[in-house]
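Undergrad: Build me a model from this:
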Amino acid sequence: MISATTHIARLARAGFVFAREGVFGAVDPSLVPPPGQLALKVARLIERRGAKSGPRLSRALTRMGPAYLKLGQFLATRPDVVGVVMARDLESLQDKLPPFPQDEAEAVIAASLDRPLAQAFASFGPAVAAASIAQVHRGEVERDGTRRAVAVKVLRPNVAARFRRDLGDFFFVAHKAETYSAEARRLRLIEVINTMSRSVAMEMDLRLEAAALSEMAENTSGDPDFRIPTVDWERTTHNVLTMEWIDGIALSDHARLEQAAVDLPDLGRKVIQSFLRHALRDGFFHADMHPGNLFLDAEGRLVAVDFGIMGRLGLKERRFLAEILLGFITRDYRRVAEVHFEAGYVPSHHSVENFAQAIRAIGEPIHNRTAEEISMAKLLTLLLEVTGLFDMRTRPELILLQKTMVVVEGVARGFDPKLDIWKTADPVVREWIERNLGPVGRIESAMSGASDLARVLAGLPAIAERSVAVIEQLEIMTRDGLRLSPETIAAMGRTEARRSRWRTLALWIIAGTFIAILVAVRQL
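TA: A predicted model of the protein is given here:
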């Protein structure tokens, strides 16, 4: 009960900040139940002067601190939860905070590397960028009498404790929502927060980001247009990540790109093909490919930085992606529908024919437009919207893929507005389909299936032994019965009664505020 009271107190503070920043002012009162309408009126009374201008929700989330800032960025990748308009608004949310003091950063490095800063680095400069979880410094290391520049990423002091506290509040709201809302259960809000929690946990262990750098470097070692900075493992720990300093031109700096006479349409092609190659071929992709995280080096290769957010696709998801893209290109809508059912994404009680009809409503308008007007990201967005009508449960990995594709397409078309996304993607998609769905791929799949079957057969004796043990336990239970003492039954009743009363009280306290917040999120 104490824990729940603490959650509600902190969430009430969040509601106050939302009210002060005018978030509730964008809500249509007619869409809110009567108790929520009263909460809206109260919220409007404390709205600060001038709050109606600018991005209200982004401003409120920034005021609430690092965890809320990260929540806003994460929800920008989940239009299925907050709506497409809200997701687009949150995309502009910048993860930029003032840097923490230089002496604190130096103390973190010295403690983490277990040696004085001067022994680890030949030079160490001030922060060049600061975000909610870490900040980056430029330094130099000396090896064999030669100095080379490095980027040193340092975790913010005590950031883990702050995130754990706020994530607990988010889980509290998600659990209450799923308990009483069928729509919340369909959207899997607990899983949404779980996914965010895992993502943040990985971002706060810089060794894991270094491992992502290393893995992608291995995957892309043969790519002519893409490379990854080298990790300095000797100077990398839980709190510190040291890597090669990149001196290339940021893709966000269009003026420098033009001065360098870069072939911008070719650069757009590199961005699209590199992303699709990583997603389809490797099943491991950079999920934050905005222009500030991409550089062009002296050899004309793309270089990516900031590997805190990564996406993974299993073989089933990659096949799903390739086949639906091919199905839309060939207008084989029934095949697109069948792929959804085969993957288990749409429940089997639905009709394949009806689902194919819904898919056709998305695909046919595509064939009335020129190639440069067709967006794969938009297509996937519409597809995921339609699947909600057929009880398709949210697939976080596909949502992350779709949102990353939106960013990647935006970057590519920023360099070439007439870029034909489909023609650019065709070599990568076709190569993957021929390799994995053609004769060679089918033979390899059959061999893999035979190997899996052999492992199952080898484990049959152990499975049989465990089955016999379970059956014996069931026989004992059915013969003797399951007995509870009167004291145990009474204690269970008292606990459940207290829990029920507390649930009711908690719901009444948070209902007014958070119904309004949810409606605000949908309206903005």
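Undergrad: Can you tell me how far residue 353 is from residue 210?
TA: Distance of residue 353 to residue 210, given as C-beta to C-beta, to the nearest Å: 50 Å. Where you see a C-beta, it was placed from the backbone N, CA and C, and this is true even at glycine.
Undergrad: Also residue 198?
TA: Using C-beta to C-beta, one gets 17 Å for the distance from residue 198 to residue 210.
Undergrad: Confirm for me that residue 322 is in contact with residue 280.
TA: Yes - with contacts counted by C-beta atoms under 8 Å, residue 322 reaches residue 280, the gap being 6.3 Å.
Undergrad: circling back: more crowded one of residue 198 and residue 210?
TA: More crowded of residue 198 and residue 210, by other C-beta atoms under 10 Å: residue 210, with 21 against 11.
Undergrad: and the more buried one, what element?
TA: Counting by DSSP states H and E, the element that carries residue 210 is helix 206-219.
Undergrad: Kindly indicate whether residue 382 is helix, strand or coil.
TA: Taking DSSP: H, G, I helix; E, B strand; the rest coil as the rule, one finds residue 382 in the helix state.
Undergrad: Can you give me the pLDDT of the nearest residue to it once chain neighbours are set aside?
TA: With sequence-adjacent residues excluded and distances taken as C-beta to C-beta, 6 or more residues apart in numbering, residue 382 is closest to residue 362, at 4.7 Å. Per-residue confidence (pLDDT) for residue 362: 79.
Undergrad: Surely residue 362 and residue 356 touch.
TA: No - using C-beta under 8 Å, residue 362 makes no contact with residue 356, being 10.9 Å away.
Undergrad: So what's the residue count around residue 348?
TA: By other C-beta under 10 Å, the residues close to residue 348 number 7.
Undergrad: can you tell me which residues contact it?
TA: Contacts of residue 348 were listed using C-beta atoms under 8 Å, 6 or more residues apart in numbering, and they are residue 341.
Undergrad: Can you tell me how far residue 223 is from residue 273?
TA: Residue 223 sits 9 Å away from residue 273 when distances are taken as C-beta to C-beta.
Undergrad: More neighbours: which of those two?
TA: Higher neighbour count among residue 223 and residue 273: residue 273, with 20 against 17, using other C-beta under 10 Å.
Undergrad: Would you indicate which residues of the helix or strand where residue 17 lies are buried?
TA: For residue 17, the host element (DSSP H and E) is helix 2-20. Buried residues in helix 2-20, counted by 16 or more other C-beta atoms under 10 Å: 4, 7-8, 10-11, 14-15, 17-20.
Undergrad: Kindly reformat those residues as JSON lines containing distance to residue 251 and pLDDT.
TA: Below are the buried residues of helix 2-20 laid out as JSON lines (distance: C-beta to C-beta, whole Å; pLDDT from 0 to 100):
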{"residue": "4", "distance to residue 251": "47", "pLDDT": "76"}
{"residue": "7", "distance to residue 251": "42", "pLDDT": "80"}
{"residue": "8", "distance to residue 251": "44", "pLDDT": "81"}
{"residue": "10", "distance to residue 251": "39", "pLDDT": "81"}
{"residue": "11", "distance to residue 251": "39", "pLDDT": "81"}
{"residue": "14", "distance to residue 251": "35", "pLDDT": "81"}
{"residue": "15", "distance to residue 251": "39", "pLDDT": "80"}
{"residue": "17", "distance to residue 251": "34", "pLDDT": "82"}
{"residue": "18", "distance to residue 251": "34", "pLDDT": "80"}
{"residue": "19", "distance to residue 251": "39", "pLDDT": "81"}
{"residue": "20", "distance to residue 251": "37", "pLDDT": "78"}
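Undergrad: Between the residues you listed, which sits nearest residue 411?
TA: residue 18 (32.0 Å; C-beta to C-beta).
Undergrad: Can you tell me the closest non-neighbouring residue to the residue nearest the centre of the chain?
TA: Centroid-nearest residue in the chain, with C-alpha atoms, centre = their mean: residue 400, separated by 5.1 Å. Leaving aside its chain neighbours, residue 400 sits nearest to residue 311 (4.7 Å; criterion: C-beta to C-beta, 6+ apart).
Undergrad: before we move on, what about residue 172?
TA: Distance criterion C-beta to C-beta, 6+ apart; nearest residue to residue 172, sequence neighbours excluded, is residue 7 at 4.2 Å.
Undergrad: wouldn't that neighbour be in contact with residue 168 here?
TA: Yes - if you go by C-beta under 8 Å, residue 7 and residue 168 touch, sitting 6.7 Å apart.
Undergrad: pretty sure residue 106 is touching residue 125, no?
TA: No - Residue 106 is beyond contact range of residue 125, at 11.1 Å (criterion: C-beta under 8 Å).
Undergrad: who has more neighbours, the two?
TA: Neighbour totals were compared for residue 106 and residue 125, and residue 106 leads with 17 against 13 (other C-beta under 10 Å).
Undergrad: Wait, a strand at residue 289?
TA: No - Residue 289: not assigned to a strand; according to three-state DSSP it is coil.
Undergrad: Backbone dihedrals for it, please?
TA: With angles defined as degrees, to the nearest 10, residue 289 sits at phi -90, psi 50.
Undergrad: number of nearby residues for it?
TA: 24.
Undergrad: go on, the one 10 residues further on?
TA: Here the neighbour count serves as a burial measure; for residue 299 (other C-beta under 10 Å) it reads 10.
Undergrad: swap in residue 414?
TA: Here the number of neighbours of residue 414 (other C-beta under 10 Å) works out to 17.
Undergrad: quick one: pLDDT of it?
TA: pLDDT, residue 414: 86.
Undergrad: Kindly report the same for residue 50.
TA: Turning to residue 50, the model gives it a pLDDT of 65.
Undergrad: what's the answer for residue 349, then?
TA: The model reports residue 349 with a pLDDT of 84.
Undergrad: Helix or strand for the residue nearest to residue 382, just tell me which one.
TA: Using DSSP H and E, residue 362 maps to helix 352-363.
Undergrad: for that helix, packing partners?
TA: helix 333-342, helix 376-387 (3 or more C-beta pairs under 8 Å, 6 or more residues apart in numbering; DSSP states H and E).
Undergrad: which stretch in the ones you listed has the least confidence?
TA: helix 376-387 (a mean of 67).
Undergrad: Could you point out the helix or strand that follows that helix?
TA: Next along from helix 376-387, by DSSP H and E: helix 396-415.
Undergrad: Would you mind listing the buried residues in the following helix or strand past that following helix?
TA: Later in the chain than helix 396-415, the nearest helix or strand by DSSP H and E is helix 421-436. Of all the residues in helix 421-436, those buried under the rule 16+ other C-beta under 10 Å are 421-422, 424-425, 428-429, 432-433, 436.
Undergrad: For the residue lying closest to residue 292 once chain neighbours are set aside, give me its contacts.
TA: Excluding its sequence neighbours, the residue lying closest to residue 292 (C-beta to C-beta, 6+ apart) is residue 252, at 5.0 Å. By C-beta under 8 Å, 6+ apart, the residues touching residue 252 are 290-292.
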